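Novice: Predicted model follows, preceded by the sequence.
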Amino acid sequence: MKKFSWFDLINNTLLVLVALLCVYPFVLIMATSLSDGKAVVAGSVYLLPKGINLEAYKYILGNERLGVTAGLLNSLFYTVVGGFVAVLVTFMTAYPLSRKRLVGRYTIMLLFLFTWVFEAGIIPNYIVYNGLGLVNSWLVMILPMAVNTFLLIITKSFLDELPYELEEAAVIDGANDWQIMWRVFFPLSKPIIATISVFNAVYIWNQFLIPMIYLQDRSMQPITVILYNMIINSSKGGTSLENITVNGVQLLPQNLQAASIFLAVVPILLIYPFTQRFFTKGMLLGSVKG
């Protein structure tokens, strides 16, 4: 049997406490969204909902004025399309950079690192995006995020570890560079593909500053901007949220805000159970070499 260790006991206890602190806000938001407004006002909602109902979700999803449904669909579109483009471009960029026969690959990598460390700033970026016609265009949520230098480094490190003999064997069989990349190395890169897919999906879904600045058309805004406008307007006494009664259930702005936040968080959390196995393996393999 394993010998008792005070270190393990204290360490595990602290980790459990930290985990509970991280989970509690999420549980509180869910409980608030499912509770009756009277229980929320009374301050009796802590872990379990009181007066369980789904009226808050029905109201915000069915109210076009709030724009929550449109925001969720926009976020889903940006995440799926933007994530696909980002994974495709990242892999197609990392593969040649991982080949030793590419002339100037270290210089190209330094240029990528330079853009990672130094940013032009909001005003120069706005001038460039406006000149390219990306302002009030859905492409502003796709093209600027096509390559993330951090994910590029991870992908390149993963490809560096794959045996070079695979490429030599494919060349002997008559395969060209395009066929080697897609038929040999891409199928072997599922772990890193899953890893960068999760990173890109979370990054695009949680994106706030870019759509806040460049997407003034409300019909194109993602759920993050919709939530921001909803909460700000409500806190300033605006008309976005108000006390209402639906089917005999009192709904407060707190109920509607909690339901909106829960809907904004859950979709991106659902991808982790399906990619966790590849995600962990890809992170470990991609971090062996740098």
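Specialist: Structure's in. What do you need? Residues are numbered from 1 along each chain as shown.
Novice: List the buried residues for the longest helix along the chain?
Specialist: Ordering each helix of the chain by length in residues (DSSP state H) puts helix 68-98 first. With burial defined by 16 or more other C-beta atoms under 10 Å, the residues of helix 68-98 counted as buried are 68-72, 74-75, 78-79, 82-83, 85-87, 89-91, 93-95, 97-98. Where C-beta positions appear, they are placed from N, C-alpha and C, glycine not excepted.
Novice: That one: what's the following helix or strand?
Specialist: Next in sequence after helix 68-98, counting helices and strands by DSSP states H and E, comes helix 105-117.
Novice: what is the rounded mean pLDDT of stretch 73-89?
Specialist: Stretch 73-89 carries an average pLDDT of 95.
Novice: An error on my part: the question was meant for stretch 137-153.
Specialist: What stretch 137-153 shows for mean pLDDT is 92.
Novice: Show residues contacting it.
Specialist: For stretch 137-153, the external contacting residues (C-beta atoms under 8 Å, 6 or more residues apart in numbering) are 77-78, 81-82, 85-86, 89-90, 93-94, 97, 112-113, 115-116, 129, 134, 195-196, 199-200, 203-204, 207, 210-211, 214-215, 220, 222, 290.
Novice: Check the burial of Glu119 by counting its neighbours.
Specialist: Counted with other C-beta atoms under 10 Å, the neighbours of Glu119 add up to 9.
Novice: try Gln221
Specialist: 20.
Novice: Now for it: which residues touch it?
Specialist: Neighbour list for Gln221: 67, 71, 74, 211, 215 [criterion: C-beta under 8 Å, 6+ apart].
Novice: And Leu263, by the same measure?
Specialist: Applying C-beta under 8 Å, 6+ apart to Leu263 gives the contacts 57, 60-61, 68, 72, 223.
Novice: next one: Ala170
Specialist: By C-beta under 8 Å, 6+ apart, the neighbours of Ala170 are 179-180, 183-184.
Novice: how about the helices in the stretch 101-250 of the chain?
Specialist: Using DSSP state H, counting those that start in this stretch, the helices of the stretch 101-250 of the chain run over 105-117, 122-131, 149-161, 165-172, 177-179, 186-188, 190-205, 209-214, 223-235.
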